[in-house]
Every structure is written in C-alpha cells, then in structure tokens.
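In: can't give you the sequence, but here's the structure:
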Ligand code: SF4
Ligand code: SF4
C-alpha cells in the first residue's frame with residue numbers, strides 16, 4: 001500500500017456522488033455553519049466559513065453535474081476548475097479545519113459539512129495536494145507502524161520502564177488476553193505514564209491485556225489526510241493483530257480520531273464487520289465502574305474542568321461516561337459554557353497538529369477554548385485525548401495561562417484502590 005498520487009481534477013470528480021449532490025442542493029446559505037466554526041469566529045475571514053472551504057467540490061459538481069451548470073459551462077459563463085485552483089485550496093482545506101464536527105451540528109438542514117470536507121481531502125490527497133507533514137506521516141505509518149516513527153524497540157523499552165515503575169508486568173503479544181490495547185504515538189512520546197496507569201486499572205478490574213508489537217499504534221493518519229486506502233490498511237492491521245492474538249476486544253486509547261477511525265468507521269473502511277468488540281478506554285472504564293470493578297479512595301480537591309475532545313464527545317457520544325468517571329476523582333468539578341456536544345475544539349484535530357505551517361492559525365483559533373477556561377477559572381484541565389492534551393499544553397503556554405492539563409486515565413489510576421475486586 002502506497003499513498004497514491006494522480007490527476008487532481010479526475011480524483012476530485014470521483015468524489016462526487018449522491019450525498020455530494022444532496023448536500024449542495026439542500027444548502028440554504030444561512031451561514032450558521034460559519035458561526036459554529038472556530039476558524040471563522042476567531043478571524044472573521046469569510047474564507048474560513050465551512051461552506052466556503054468546499055468551494056472546489058461545489059464548483060465541479062455545479063458545472064459538470066447540474067443542468068444549469070452545464071448550460072452555463074457551454075455558454076462560457078463559468079470558469080472550469082483547474083489544478084491551480086486545487087493547489088490554492090489545499091491550504092484552506094487542510095490548515096483551517098480540524099474536522100471537529102461543530103459546523104455539522106449547527107446546520108439546520110442536517111448537512112454534514114465535516115464529511116464533505118473529508119471527501120474533498122480524499123480528492124486532494126489522491127491528486128497529491130496535501131501538506132508535506134501529513135504525507136510523510138502517512139508514508140511512515142504505512143512503511144513502519146507509527147506516523148512519527150516510534151519503532152518497536154522504543155515501544156518495548158517504554159513498556160518495560162513503565163511496568164517497572166508501577167510494579168505490574170505488561171506483556172506484549174500475549175495470546176489469549178482479554179483486550180488488545182492500542183496506544184497513540186503522542187502517548188508514547190509525551191505521556192508514557194499512561195502505560196503504568198493502564199496496568200493498574202486493568203489489574204484492579206481483573207482483566208488481562210496486551211500490546212501488539214506489529215499493531216501498537218492507534219492513530220490513523222489516513223482519516224486525517226483523507227485516504228480511505230491508507231485508513232483501511234491501518235484499521236486492518238489492528239484487526240489482524242486482534243485475530244492473531246485471539247483477544248476478545250480492542251481498546252482505543254485517549255485519542256479522538258483513532259476512536260472515530262477504529263470504532264465507527266473501521267468496518268466500512270475494511271469492508272467487513274468486526275468479529276471483536278472495539279471500545280474506547282473511557283467507555284471500558286465506565287463499564288467497569290458500573291460493575292463495581294473500579295474502587296477509588298479520596299478525590300482531587302482543586303477546581304477541575306473537562307475538555308470534551310470533539311471525536312470522543314461530540315462525534316463519539318462519550319460525554320456522560322467521562323462525567324461519571326470525573327465524579328469518581330474530582331471533588332470540585334466545574335463545567336465550562338458550551339461543554340459536551342457543543343464544546344470548542346482545542347485547534348489541533350484533523351491533522352493540524354502534524355501540519356507545521358498551520359501553527360500560527362492553530363494558536364489563533366484557541367480563542368474560544370481560552371475564553372471558556374477564563375470564565376470558570378479552573379485549577380486543572382482534564383481531558384481524554386492525548387492530542388488535545390498536547391495542543392492544550394502548547395496553547396496555554398503560548399497565552400501564559402498557568403493551568404495543568406491532566407489525562408483522565410492517569411487521574412483514575414492515581415485514586416484507585418489497587419486490589420482486584
Ligand atoms: S469541522 Fe470544525 S473546523 Fe472544520 S469547518 Fe467545521 S466547524 Fe470548522
Ligand atoms: S449551515 Fe448548512 S444550510 Fe446553512 S450555509 Fe452551512 S451548509 Fe448551508
């Protein structure tokens with residue numbers, strides 16, 4: 001599997017189908033999607049309106065697939081889309097959308113703008129118009145395992161170190177374990193303590209788990225760059241490892257888009273239903289909580305709030321699970337305005353964290369999140385996505401906001417009664 005590059009306009013034309021036609025036919029040009037998008041609200045630039053980002057797709061559809069568009073084209077009333085247009089639009093399509101889904105929630109006619117932006121990215125990637133950082137990450141994920149180059153040897157060393165630190169063995173490639181746990185490269189690099197936290201939590205719940213040496217990576221660069229082939233290959237890799245190790249299920253870690261890719265889109269990407277359960281770690285922990293398998297002692301008494309990762313709460317539905325787990329460890333929990341499905345994105349989703357040319361814009365669109373936090377003045381910010389956590393830390397530092405960012409899994413492990421029930 002390689003990242004295919006080809007004729008730009010033909011690749012984009014291939015994306016035009018009934019949902020695309022229905023989308024553009026039903027848009028009533030109300031502008032509500034713009035008001036929902038952090039890139040528009042923070043810049044006031046109409047270029048950043050979600051519907052505007054779809055303009056190449058709309059122009060191609062209108063000119064070639066509608067009666068009036070075809071007549072207009074024949075009369076020379078419209079200009080054909082060119083490769084130069086695609087090259088120009090690449091920056092807009094990749095740098096000013098985190099695939100957060102807020103615009104889709106706002107659209108009164110139910111248009112899923114985020115899905116359309118993904119479709120546009122599919123065409124762009126197939127045509128070769130994608131940011132270099134994402135292209136290189138996709139090649140690394142396909143030729144190795146991790147999109148940032150965290151190799152098996154490094155993973156083994158991290159696993160050994162964390163097992164030694166928490167005093168609980170972590171066995172890789174353990175056949176017959178209950179769960180195959182996937183980890184994101186950001187966790188390996190920036191938050192490896194999550195491995196020790198997982199060891200404590202699985203032990204407390206009386207469940208066995210393992211990490212596959214050939215499928216440890218949870219993140220799916222194919223979803224971010226817009227390549228169903230790449231995304232499907234990466235999902236299949238994990239499904240194959242689950243079969244090889246004969247586990248009952250696969251756990252996705254504190255990573256938003258990995259959850260979307262593996263839990264919700266995976267079967268369509270690989271063209272087959274799963275025969276193992278796929279569950280997010282927050283969902284699994286909440287299941288164990290409900291079954292009385294997780295017991296905690298004491299709580300953090302500082303004023304804590306929760307950042308809902310877009311793909312986990314808005315598009316993943318795990319908002320209540322996170323609140324119930326927060327209630328186990330937070331004595332003074334405060335919600336921000338717009339928390340839950342309407343939460344504001346950290347600014348780093350949809351591949352923006354790997355797209356270095358978008359850094360300044362990413363920091364600019366941190367505005368809504370900054371205002372959410374300033375209004376409730378928390379002493380700690382908890383989240384369940386390591387990409388969000390990384391981006392939040394960077395932005396908070398940029399804006400001189402002294403606020404620790406914590407991972408929910410690690411927090412639970414910290415207050416855990418470690419004896420199995
Ligand atoms: S998905 Fe989010 S970032 Fe992208 S256009 Fe919609 S609201 Fe804006
Ligand atoms: S919110 Fe929906 S109907 Fe309104 S402009 Fe955006 S896509 Fe069109």
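Out: Great, that's in hand. Because the structure is a prediction, the values reported are computed rather than measured. Ligands and ions are numbered 1, 2, ... in the order given.
In: Identify the residues contacting the residue in the stretch 201-350 of the chain that ligand 1 sits nearest to.
Out: The stretch 201-350 of the chain approaches ligand 1 most closely through residue 345 (6.2 Å), counting by C-beta to the nearest ligand atom. Using the backbone N, CA and C atoms, a C-beta is placed for each residue, glycine as well. By C-beta atoms under 8 Å, 6 or more residues apart in numbering, the contact set of residue 345 is 38, 98, 100, 102, 310, 365, 369.
In: ok, of these, which come out buried?
Out: Buried residues within these, counting neighbours by 16 or more other C-beta atoms under 10 Å: 38, 98, 100, 102, 310, 365, 369.
In: ok, so of those, who is nearest ligand 2?
Out: Of the buried ones among the contacts of residue 345, the one sitting nearest to ligand 2 (C-beta to the nearest ligand atom) turns out to be residue 102, at 10.9 Å.
In: could you check the distance from the closest one over to residue 263?
Out: 20 Å (C-beta to C-beta, to the nearest Å).
In: And residue 296, by the same measure?
Out: 26 Å.
In: Residue 201 now?
Out: Counting by C-beta to C-beta, the gap from residue 201 to residue 263 is 19 Å.
In: likewise residue 406?
Out: Applying C-beta to C-beta to residue 406 and residue 263 gives a distance of 24 Å.
In: So for those two, which sits in the more crowded spot?
Out: residue 263 (21 against 18; other C-beta atoms under 10 Å).
In: possible to save the buried ones among the contacts of residue 345 as a markdown table with pLDDT, secondary structure and distance to residue 52?
Out: Converted to a markdown table, the buried ones among the contacts of residue 345 look like this (pLDDT from 0 to 100; DSSP: H, G, I helix; E, B strand; the rest coil; distance: C-beta to C-beta, whole Å):
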| residue | pLDDT | secondary structure | distance to residue 52 |
| --- | --- | --- | --- |
| 38 | 98 | helix | 15 |
| 98 | 97 | coil | 16 |
| 100 | 97 | coil | 16 |
| 102 | 98 | helix | 16 |
| 310 | 97 | helix | 20 |
| 365 | 98 | coil | 16 |
| 369 | 98 | helix | 23 |
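In: Just name the closest of those residues to residue 183, please.
Out: residue 310 (20.3 Å; C-beta to C-beta).
In: Contact partners for the closest residue to the closest one other than its chain neighbours?
Out: Leaving out its chain neighbours, the residue that sits closest to residue 310 by C-beta to C-beta, 6 or more residues apart in numbering is residue 100, at 4.1 Å. Taking C-beta under 8 Å, 6+ apart as the criterion, residue 100 is in contact with 38, 114, 310, 314, 345, 349-350.
In: Redo the residues you listed as a markdown table? Include secondary structure.
Out: Listed next are those as a markdown table, based on DSSP: H, G, I helix; E, B strand; the rest coil:
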| residue | secondary structure |
| --- | --- |
| 38 | helix |
| 114 | helix |
| 310 | helix |
| 314 | helix |
| 345 | coil |
| 349 | coil |
| 350 | coil |
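In: As CSV, these with distance to residue 178 would be great.
Out: Converted to CSV, these look like this (distance: C-beta to C-beta, whole Å):
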residue, distance to residue 178
38, 39
114, 34
310, 29
314, 29
345, 34
349, 30
350, 33
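In: okay if I get those residues as TSV plus distance to ligand 2?
Out: Formatted as TSV, the contacts of residue 100 follow (distance: C-beta to the nearest ligand atom, whole Å):
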residue	distance to ligand 2
38	15
114	11
310	18
314	16
345	17
349	20
350	18
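In: what about residue 332, is that helix, strand or coil?
Out: Residue 332 ends up strand, using three-state DSSP.
In: Okay, and the beta partners of it?
Out: Residues in a beta bridge with residue 332, per DSSP bridges, are residue 303.
In: from what I can see it touches residue 326, true?
Out: No: contact between residue 332 and residue 326 fails when scored by C-beta atoms under 8 Å: they sit 10.9 Å apart.
In: how about residue 278, secondary structure?
Out: Residue 278 is classified as strand under three-state DSSP.
In: which residues touch it?
Out: Residue 278 sits next to 249-252, 262-263, 266 when contact means C-beta under 8 Å, 6+ apart.
In: Among these, which lie within strands?
Out: 249-252 (DSSP state E).
In: Looking at the residues you listed, spot the one nearest residue 187.
Out: residue 252 (11.6 Å).
In: so what's that closest one up against?
Out: 182, 218, 258-259, 262-263, 278-281.
In: May I have the beta-bridge partners of it?
Out: Residues in beta-bridge contact with residue 252 (DSSP bridges): residue 280.
In: Name the nearest residue to whichever residue of the stretch 51-200 of the chain sits closest to ligand 2, sequence neighbours excluded.
Out: Nearest residue of the stretch 51-200 of the chain to ligand 2, counting by C-beta to the nearest ligand atom: residue 107, 3.3 Å away. What sits nearest to residue 107 in space, not counting adjacent residues and going by C-beta to C-beta, 6+ apart, is residue 33, at 5.5 Å.
In: elements contacting the helix or strand that that neighbour is a member of?
Out: For residue 33, the element it lies in under DSSP states H and E is helix 32-36. Helices and strands touching helix 32-36, as assessed by 3 or more C-beta pairs under 8 Å, 6 or more residues apart in numbering; DSSP states H and E, comprise helix 50-53, helix 102-106.
In: what about whatever helix or strand comes next after the shortest one, near ligand 2?
Out: Just to be clear, that refers to helix 50-53. Downstream of helix 50-53, the first helix or strand assigned by DSSP H and E is helix 55-65. No: using C-beta under 6 Å from any ligand atom, we find that helix 55-65 stays clear of ligand 2, coming within 10.4 Å at best.
In: Give me the contacts around helix 55-65.
Out: Residues contacting helix 55-65 (C-beta under 8 Å, 6+ apart): 9, 12-13, 15-16, 20-21, 24, 68-70, 72-73, 78, 80-81, 85-86, 89, 116, 119-120, 123.
In: wouldn't residue 69 be in contact with residue 78 here?
Out: Yes: Residue 69 is within contact range of residue 78, at 6.9 Å (criterion: C-beta under 8 Å).
In: got the domain boundaries for the chain?
Out: 8-130, 138-289, 291-414 (automatic domain parsing).
In: distance between the ends of the shortest one?
Out: Its first and final residues considered, domain 8-130 spans 11 Å by C-alpha to C-alpha, to the nearest Å.
In: chain center to it: distance?
Out: 21 Å (C-alpha atoms, centre = their mean, to the nearest Å).
In: Many thanks, we can stop here.
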